[in-house]
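Novice: Pasting the sequence and the predicted model now:
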Amino acid sequence: MTIDPTLREQAVHWAVLTGDPQFDDWDGFTAWLEADPAHARAYDEVAAAVAEAAEAFGAAAMVEPAHAAEPANDNPALPPGQHRLPRRAWLGGAIAASLAIIATIGVLRSGAGSVYTTAPGEVEVIALGDGSTVTLAGDSRLVLRGDDRREARLEHGQALFDLRFKGGRPFEVAAGADTMRHIGTVFEVRRLNKATAVAVAEGAVLFDPAGRRIRVNPGEGLTRRDGSNRIERARLPGASVGEWREGRQSFRDATLGDVAAMLSAATGQSFTVAPGAADKRVSGSVMLDPIRRDPASLGPLLGVTARADGATWVLEP
């Protein structure tokens, strides 16, 4: 089950506090846990992630289950049986605990920004506070930076930006080695298979604003592959931008490798490509729910074969 990002941040906050040997607000911690069953679930998720991170960094661990009886000399202010953070060597205290959490939790705020991740088949809407939103597709990772959150880096996956900023500093999105700047815009950015793509539904985007300043207008798409100076431009229906939010995915002269990656992210099913077929180009439009239920039904829609290989579906011409 996906934990609400705001709730997860609260759990991270309590995890850092309770990891400090000087922490003494056990009443406040207990009240937060008891306010909603979801709080305990979020805290357990964070505690488990911290434990894994500490082990990964070589920290010595001594786990104390939440249901275990409390030692007589260990924080008597906390009633027996209440949730508390597992005891561990904290890599130097609360700061190191924060670093362990940053390494493992999907959403949090730190000096590096707010990090959002989604699992395959999941969609998450991020509210920016002024009516603007970012919708993150499945199997994606996005970092928002700055106090005003006007800087984003799409590390991988796909995101739809619906921006309503008026005046002030423009919103910029980085993906790979490329940067895009919005001009009152609804646009989509995809970072996949060592390539960056942008498609615009409303307004405009400046691609490479500090260099070539290529303007991408509504109904236009642009793709640049890593290591290449060649820009691929295409016309596309504005309605297709972000259409995966409504359960549809369209492909226009897309490589089969990109199709497999996008469908894996959108449906939660695992798709791959037969040897030698990754660069084959296909076009078509599919509804995602039927593909989730029966991946083999994809074949006739895109003119390919989809065959099962264990839990993975292999696409080939």
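Specialist: Perfect, I can see it now.

Novice: Going by C-alpha atoms from here, please, whenever you check contacts or count neighbours.
Specialist: OK.

Novice: Roughly how far does the residue nearest to residue 243 when sequence neighbours are not counted sit from residue 266?
Specialist: Nearest residue to residue 243, sequence neighbours excluded (Cα to Cα, 6 or more residues apart in numbering): residue 249, at 6.4 Å. Distance check for residue 249 against residue 266: by Cα to Cα, to the nearest Å, it reads 8 Å.

Novice: next one: residue 257
Specialist: According to Cα to Cα, residue 257 stands 14 Å off from residue 266.

Novice: all helices for the stretch 151-300 of the chain, in order.
Specialist: Using DSSP state H, counting those that start in this stretch, the helices of the stretch 151-300 of the chain run over 256-267, 288-293, 298-302.

Novice: who touches stretch 126-141?
Specialist: 115-125, 142, 149, 154-165, 244-245, 265-268 (Cα atoms under 8 Å, 6 or more residues apart in numbering).

Novice: Can you name the residues that contact residue 313?
Specialist: Neighbours of residue 313 in contact, by Cα under 8 Å, 6+ apart: 269-272, 295-296, 306-307.

Novice: Output these as JSON lines; include the columns neighbour count and pLDDT.
Specialist: Formatted as JSON lines, the contacts of residue 313 follow (neighbours: other Cα atoms under 10 Å; pLDDT from 0 to 100):
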{"residue": "269", "neighbour count": "19", "pLDDT": "93"}
{"residue": "270", "neighbour count": "18", "pLDDT": "94"}
{"residue": "271", "neighbour count": "24", "pLDDT": "95"}
{"residue": "272", "neighbour count": "22", "pLDDT": "95"}
{"residue": "295", "neighbour count": "22", "pLDDT": "93"}
{"residue": "296", "neighbour count": "19", "pLDDT": "92"}
{"residue": "306", "neighbour count": "23", "pLDDT": "91"}
{"residue": "307", "neighbour count": "16", "pLDDT": "91"}
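
Novice: could I get those as TSV with distance to residue 39?
Specialist: Shown next, in TSV, are the contacts of residue 313 (distance: Cα to Cα, whole Å):
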residue	distance to residue 39
269	30
270	32
271	35
272	38
295	37
296	40
306	42
307	43
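
Novice: Among the residues you listed, name the ones in strands.
Specialist: Using DSSP state E, the subset of the contacts of residue 313 located in strands is 270-272, 306-307.

Novice: As TSV, the helices of the stretch 151-300 of the chain with mean pLDDT, mean neighbour count and distance to residue 15 would be great.
Specialist: TSV is the format used below for these (pLDDT from 0 to 100; neighbours: other Cα atoms under 10 Å; distance: least, Cα to Cα, whole Å):
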stretch	mean pLDDT	mean neighbour count	distance to residue 15
helix 256-267	93	22	31
helix 288-293	93	16	37
helix 298-302	88	16	45
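
Novice: Tabulate those helices (CSV), appending distance to residue 135.
Specialist: Converted to CSV, the helices of the stretch 151-300 of the chain look like this (distance: least, Cα to Cα, whole Å):
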stretch, distance to residue 135
helix 256-267, 13
helix 288-293, 17
helix 298-302, 25
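
Novice: bridging residues for residue 307?
Specialist: Taking DSSP bridges as the rule, residue 307 bridges to residue 314.

Novice: need the contact list for it.
Specialist: 296, 313-315.

Novice: List just the nearest of the residues you listed to residue 27.
Specialist: Proximity to residue 27 was ranked across the contacts of residue 307 by Cα to Cα; first place goes to residue 313, at 51.6 Å.

Novice: State the distance from that closest one to residue 232.
Specialist: With Cα to Cα as the criterion, residue 313 and residue 232 are 29 Å apart.

Novice: next one: residue 36
Specialist: 51 Å.

Novice: do residue 258 as well
Specialist: Residue 258 sits 15 Å away from residue 232, going by Cα to Cα.
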